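>>> just need the structure, nothing else, for what follows:
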Amino acid sequence: QVQLVESGGGSVQAGGSLRLSCAASGRTLSAYVMGWFRQAPGKEREFVAGINRSGDRIYYANSVKGRFTISRDNAQNTVYLQMNSLKPEDTAVYYCAASTFSTDWTRAARYAYWGQGTQVTVSS
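Numbers count the residues shown, from 1 in each chain. Just a heads-up that it's a prediction; the model follows:
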């Protein structure tokens, strides 16, 4: 079992950047496909980005493609989400999650382990 802790959230103006980190403990991160999801008030949790175990396959939601970059450092047991050109509609609680499945990364149900979330607020 793996425990996940996100950090790096905060408040920024539109056009700004933030870098989220997700630190894993309890089991090596390399055993999992990792994903980032977000949930805005009154909305369902949505997929943002996913990365396979070795880091050579990455998938993004269309809404963040070209602005966000997911990466992982298995030696440091950490996954990152670099967020650039932030927009007010990116405001949400961001969660990292770990999955043992190799397909259907966009589905939250495929992820068994979740962090507590970190708030990102983008003002116009």
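>>> please make it C-alpha for all contacts and neighbour counts, starting now.
Noted.
>>> for the most centrally placed residue in the chain, which residues are in contact?
Closest residue to the average C-alpha location of the chain: Trp36 at 2.2 Å, with C-alpha atoms, centre = their mean. Contacts for Trp36 (C-alpha atoms under 8 Å, 6 or more residues apart in numbering) come out as 47-50, 81, 94-97.
>>> can you do 10 Å?
Applying C-alpha atoms under 10 Å, 6 or more residues apart in numbering to Trp36 gives the contacts 20, 22, 46-51, 60, 70, 79-81, 94-98, 105-106, 108, 114-115, 117.
>>> ok, the residue lying closest to Gly115 once chain neighbours are set aside to Gln13 distance?
With sequence-adjacent residues excluded and distances taken as C-alpha to C-alpha, 6 or more residues apart in numbering, Gly115 is closest to Leu4, at 4.6 Å. Going from Leu4 to Gln13 by C-alpha to C-alpha, to the nearest Å gives 27 Å.
>>> between the two, which one's more packed in?
It is Leu4, of Leu4 and Gln13, that has more neighbours when counted by other C-alpha atoms under 10 Å, with 23 against 14.
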